[in-house]
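Visitor: only geometry, no sequence info:
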């Protein structure tokens, strides 16, 4: 999972598989953002989940949030090659200063 | 979707020089942000800006850094003077005033300080 002093993680899967990426955080959080970043481009917000939500879905994406364990996950169902990217979470605690995780590099092979 | 543009995409300068990074935010957005990402590390918040003022900044936003958006033109990050540790990719983002968690990012400017 992402956070702290962990290095950027790497996952390699086959097309059609499901994958889950995890994120843990340490401070008070009202919102968890999940981004994907393609090589050479800026991050793009893909799912935003608030502290009063336990789950959020968007197409093949599913995010969960467990405030008691201070963790969030992002799942991709039936991954496709175009899902290859770096995925990272960010947390915001009621202000506009998000704290970012180091990210998970996902490679989906055909 | 809405696009944020950043100019230039790459900038190489000598330590001690001044550099200005330019951001063209989404047209109806009112909140603007700068982030710094050193290669292989996580992105870090620098500053946000609304209504002509810095709203919040991190400890990375040193005294040598300044931001402005004169007359609705580019939102700029100026570093004067630059230091070696300023080498990074700088991302600009913008959002609506009431949707600060939904930020749109530019492609970044890679700054190399020699």
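Guide: Received it, and whenever you're ready, just let me know what you need. Quick caveat: nothing in here was measured; it's all calculated off a predicted structure.

Visitor: and the worst-scoring helix or strand of chain A on mean pLDDT, what does it pack onto?
Guide: Across the helices and strands of chain A, mean pLDDT, DSSP states H and E gives its lowest value to strand A:99-100, namely a mean of 88. Helices and strands touching strand A:99-100, by 3 or more CB pairs under 8 Å, 6 or more residues apart in numbering or on different chains; DSSP states H and E, are strand A:85-92, strand B:44-50. All C-beta spots, glycine's among them, are computed from the backbone N, C-alpha and C.

Visitor: state the mean pLDDT of the last one.
Guide: The average pLDDT within strand B:44-50 is 95.

Visitor: what does the longest one give?
Guide: Model confidence over strand A:85-92, given as mean pLDDT, is 92.

Visitor: how far does it sit from its chain's centre?
Guide: 5 Å (CA atoms, centre = their mean, to the nearest Å).

Visitor: can that strand be found next to chain B?
Guide: Yes. Strand A:85-92 is in contact with chain B by CB under 8 Å from any CB of the partner chain, via A:88, A:90, A:92.

Visitor: closest to chain B among the residues you listed?
Guide: residue A:92 (6.1 Å; CB to the nearest CB).

Visitor: does the closest one touch residue A:98 like I think?
Guide: Yes. With contact defined as CB atoms under 8 Å, residue A:92 reaches residue A:98; the gap is 4.8 Å.

Visitor: okay, the two: which has more neighbours?
Guide: residue A:98 (25 against 22; other CB atoms under 10 Å in any protein chain shown).

Visitor: how much space between that one and residue B:78?
Guide: According to CB to CB, to the nearest Å, residue A:98 and residue B:78 sit 23 Å apart.

Visitor: repeat that for residue B:88.
Guide: In terms of CB to CB, residue B:88 sits 15 Å off from residue B:78.

Visitor: quick one, which of the two is more surrounded?
Guide: Taking other CB under 10 Å, residue B:88 and residue B:78 do not tie; residue B:88 has more neighbours (21 against 15).

Visitor: where does the closest residue to chain B within chain A sit: helix, strand or coil?
Guide: Proximity of chain A to chain B (CB to the nearest CB) peaks at residue A:42, 3.3 Å away. Assigned by DSSP: H, G, I helix; E, B strand; the rest coil, the conformation of residue A:42 is coil.

Visitor: low-confidence ranges in chain A?
Guide: A:1-8 (pLDDT under 70).

Visitor: let's go with 80 and repeat that
Guide: In the predicted model of chain A, residues A:1-8, A:27, A:94-97 satisfy pLDDT under 80.

Visitor: flag every residue of chain B that's near chain A.
Guide: Residues of chain B found near chain A (CB under 8 Å from any CB) are B:4, B:31, B:33, B:40-45, B:48, B:55-56, B:58, B:91, B:93, B:100-108.
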